[in-house]
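In: I would like to see how this sequence folds:
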Amino acid sequence: MESSSSEVPPPRPEDGKCAIDDSADEDEESAQMMRIKSADQYRTKHDKKKGIRVQEILPFHFSPIFLPLTESHLESTLALENAAFTNPSHRCSRDKLAYRLAHCSDISFGLFCTVKPSEAKAFGLETVDAANLVETNREDGAVHALFAHAVSTLGKGPVVTDADMDYPKNWREHGAVKDTTVGHQEEGRTICLHSFAVSPKLQGTGVGKLAMRSYIQIMNESGVADRIAIICQDYLIPFYRKFGFQNLGESKATFGGGGWYDMVLDLGGPPHPERDHPQGHLRHWSMVGKRPSESKESEAA
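Out: Residues are numbered from 1 along each chain as shown. Have a look, this model is predicted:
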């Protein structure tokens, strides 16, 4: 699936009206249903073109939402970590994961879907028991179930090192992480992507591609770093190459027994108004001094 920045947006409600007879006796509810159906058909067709097949196997509606991961998501991320990584030595420990979520929620994200617990359990989703409620007192008890996650820290080097993979064991103590040389480095400009995990139940459906492209786009537009670096096993090199990562060869990292390869993706950074959108920049300035109604019309053009 292409990144959302290059996707054609789904039909807006007003687009749907163009194909509907708007006679005086038209039932508005029926018209609304037709518009919703039209938008759903568009998304389904578009997703299939981009390799997103998850709805074909899910017994519930796929409505993904990409959210920052916080300490409140610890149990969900831990459940996904344990399910996705079959080699225990490659998993992130509970304490290390808690540390990363506590200090790096701005660069750690999860792809969630709103589901009813009973439906998710029947499907066998590994994270549903640890999922957070969408709303308290909601009748159907719907939760935000985690489908995929990207957990990262910032590093000062061009690739991921063992020091980046480590963390200060006393991180809960006041001031303990201020001058540490291991784990998250606040002044770093390299996003060290330590854990990119997809539910085994959803692997091969396009969810991983959707999550990775969304993550790359958000990190690039944030301007928080110059690159994303990851270490992976050789069989995953083709997967990351699809997103623009370059293989820099064997890694010096020994985490989990070694055998890793350094993969790096350089980020171009957020769009610059004058450089990337010169006309839009001039239009912004031309709005100065206009009446509010004229400004809104220009902005929406």
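
In: start to end distance for stretch 55-75?
Out: 25 Å (C-alpha to C-alpha, to the nearest Å).

In: again, but for stretch 99-109
Out: Start-to-end, stretch 99-109 (C-alpha to C-alpha) is 15 Å.

In: one more: stretch 180-193?
Out: With C-alpha to C-alpha, one end of stretch 180-193 sits 19 Å from the other.

In: which residues are contacting it?
Out: If you take C-beta atoms under 8 Å, 6 or more residues apart in numbering as the criterion, stretch 180-193 is touched by 99-100, 103-104, 107, 150-160, 163-168, 171, 177, 219, 224-230. Heads up, the C-betas are built off the backbone N, CA and C, glycines and all.

In: chain center to that stretch: distance?
Out: 20 Å (C-alpha atoms, centre = their mean, to the nearest Å).

In: next one: stretch 101-110
Out: The answer for stretch 101-110 is 11 Å, by C-alpha atoms, centre = their mean.

In: correct me, but L202 touches A148?
Out: Yes: shown here, L202 and A148 form a contact pair, counting by C-beta atoms under 8 Å, at 7.5 Å.

In: between the two, which contacts overlap?
Out: When contacts are counted by C-beta under 8 Å, 6+ apart, L202 and A148 have G208 as shared neighbours.

In: okay, the two: which has more neighbours?
Out: A148 (28 against 23; other C-beta atoms under 10 Å).

In: quick check: the gap between that one and L125.
Out: 12 Å (C-beta to C-beta, to the nearest Å).

In: help me confirm that L146 is found in a helix?
Out: No: applying DSSP: H, G, I helix; E, B strand; the rest coil, one finds L146 to be strand, outside a helix.

In: does it really touch F109, like I thought?
Out: No: using C-beta under 8 Å, L146 makes no contact with F109, being 10.6 Å away.

In: who has more neighbours, the two?
Out: L146 (27 against 21).

In: nearest residue to W171 other than its sequence neighbours?
Out: Once flanking residues are discounted, W171 sits nearest to Y99: 4.9 Å by C-beta to C-beta, 6 or more residues apart in numbering.

In: likewise F196?
Out: The shortest distance from F196 to any non-neighbouring residue, by C-beta to C-beta, 6+ apart, is to A150 (5.2 Å).
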